[in-house]
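Undergrad: Predicted model, plus sequence, below.
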Protein chains: 2
Amino acid sequence: MPEDVPRKRADARRNEQTLLDAAAAAFVTSGVDVPVRDIAARAGVGVGTIYRHFPTRADLIVAVYRHQVEACAGAGPALLAGSASPHAALAAWIDLFVDFLVTKHGLAEAMQSDDATFESLHAYFIDRLLPVCTSLVAAAVSAGEIRADVEPFALMYGTGNLCIGAGRDPRYDARRMVALLIAGLRRDIG
Amino acid sequence: MPEDVPRKRADARRNEQTLLDAAAAAFVTSGVDVPVRDIAARAGVGVGTIYRHFPTRADLIVAVYRHQVEACAGAGPALLAGSASPHAALAAWIDLFVDFLVTKHGLAEAMQSDDATFESLHAYFIDRLLPVCTSLVAAAVSAGEIRADVEPFALMYGTGNLCIGAGRDPRYDARRMVALLIAGLRRDIG
DNA sequence: AAACATACGGAACCATGTTCCGTTTGCCAA
DNA sequence: TTGGCAAACGGAACATGGTTCCGTATGTTT
């Protein structure tokens, strides 16, 4: 199975890790839309090296956050199994997703950008998280807790949207708004 | 009262109108983030002329949509007077706001952008519409229809956010999501 | 250690917003 | 009517940031 993997050069492997670290640090201090040149400078490499390892900015972002996205995806079934109700599990899972988004400055914005560069970022999140969200929603619908006419995709998209600008104005609390949206899903509402 | 208004030159007045028309047309076909050069070309003027009349892009956007924003602001009291309940008036007004945003491609995005250029755009919308929203919310709260712990600002901000990307994916219906958010405001909900 | 492919650095290129200034033009006064 | 001047214009030039490209350097393999 581990076929003819040509095995990358040592310096290439080293640089990839260096870049991931530099990017992660840069994202924390300047948001995910930090200039590519800044990341290169921080890593001590040329910009060409970044593009060789990560053809698009989205690839770099995905690589940096992959672990956390996987963790979020993995938490879905666990929450469903351990929660009092499917609706509670859904709420808890969305909470996880929101926490992730609001702590990565600019990530929600990038994910919803219509810039073609970020399409694969959006695609990755949807690929990985939409199935989880779908199963949670399905469970809550089966339990009769929420209305049946909600696209899980729309729920995720809307949640992502609500996280945009979180922390920019103290009057806006993204978590709160998402909670209201989830509340609006309940079946007993007009 | 109409004091020492120095009265602009005829060509300047003409160009301002030409620019407004050209910008409006360009916004329709290419969204509000159409390149400045495109607008200039369409109007048959140089880019310098745009900047002289509208120092920032936000000024141009505001000028183009001023009428509609004023109309939306004006509709608030009218709806409150003519609706069955304050909650219905609030819902109808938000609907108006949403309709406005989703039909102006890129406007919702621009309004929530953290780009300093758009700060005055954001400020104008808030200045003009937040008071209206606040009075509608206050009326609904007084009537006991919605929970009292909602910042009108957050409601507007969240609504604007939910309009981002409207029409980009058929699975996402911004109007629907906003309706869910409004539903979530109702007082009888956990 | 020679040869080759891989990977690197960063200059160069493109797109876009913004500024600046030499030129043109409307307006008013003589 | 015309001379002069401030207002307004056009678009080249500049700043910024993403992306490409290629000559050079460096692992790796024989």
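TA: On my side now, so go ahead. Predicted, not measured: the structure shown is a model, and the values here were computed from it.

Undergrad: which residues does A:A40 contact?
TA: Contact analysis of A:A40 by CB atoms under 8 Å, 6 or more residues apart in numbering or on different chains lists A:G46, A:V47, A:T49, A:I50. C-beta here means a position set from N, CA and C on the backbone, and glycine is covered the same way.

Undergrad: Can you name the residues of chain A sitting close to DNA strand C?
TA: Applying CB under 7 Å from any atom of the strand, one finds that chain A approaches DNA strand C through A:6, A:8-9, A:11-12, A:15, A:44-49, A:51-53.

Undergrad: State the pair within those residues that is farthest apart.
TA: A:P6 and A:G44 (25.9 Å; CB to CB).

Undergrad: What residues does chain A have near chain B?
TA: Within chain A, the positions near chain B by CB under 8 Å from any CB of the partner chain are A:106, A:109, A:112-114, A:150-151, A:153-154, A:157-158, A:161-162, A:164-165, A:168-169, A:171-173, A:176-177, A:179-186, A:189-190.

Undergrad: Quick one: buried ones out of those residues?
TA: The neighbour count (16 or more other CB atoms under 10 Å in any protein chain shown) marks A:106, A:109, A:112-113, A:150-151, A:153-154, A:157-158, A:161-162, A:164-165, A:172-173, A:177, A:179-186 as buried among the residues of chain A next to chain B.

Undergrad: Can you list the low-confidence ranges for chain A?
TA: Regions of chain A meeting the criterion pLDDT under 70 cover residues A:1-5, A:188-190.

Undergrad: got the residues of it near DNA strand D?
TA: Proximity of chain A to DNA strand D (CB under 7 Å from any atom of the strand) is limited to residues A:7, A:9-11, A:33-37, A:47-48, A:51, A:55-57, A:117.

Undergrad: Separate out the buried members of these.
TA: Buried subset of the residues of chain A next to DNA strand D (neighbour count, 16+ other CB under 10 Å): A:D33, A:V34, A:V36, A:R57.

Undergrad: Show me those residues that map onto helices.
TA: Judged by DSSP state H, those include A:V36, A:R57 as members of helices.

Undergrad: mind giving me TSV with the buried ones among the residues of chain A next to DNA strand D and columns for distance to A:A78?
TA: Below are these laid out as TSV (distance: CB to CB, whole Å):
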residue	distance to A:A78
A:D33	33
A:V34	33
A:V36	37
A:R57	32
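
Undergrad: What is the nearest of the buried ones among the residues of chain A next to DNA strand D to DNA strand C?
TA: A:V36 (9.5 Å; CB to the nearest atom of the strand).

Undergrad: Give the helix, strand or coil label for the residue of chain A found nearest DNA strand C.
TA: Closest residue of chain A to DNA strand C, CB to the nearest atom of the strand: A:G48 (1.9 Å). Put simply, A:G48 is helix when judged by DSSP: H, G, I helix; E, B strand; the rest coil.

Undergrad: Just want to check the distance between it and B:R9.
TA: Note on A:G48: its distance to B:R9, by CB to CB, to the nearest Å, is 52 Å.

Undergrad: now do A:V34
TA: Distance of A:V34 to B:R9, computed by CB to CB: 45 Å.

Undergrad: Next: A:R168.
TA: A:R168 is 41 Å from B:R9, by CB to CB.

Undergrad: Once you drop chain neighbours, what's closest to A:A154?
TA: In space, and not counting its chain neighbours, A:A154 is closest to B:Y172: 4.9 Å by CB to CB, 6 or more residues apart in numbering or on different chains.

Undergrad: So what does that neighbour look like in phi/psi?
TA: When quoted as degrees, to the nearest 10, the phi and psi of B:Y172 stand at phi -110, psi 120.
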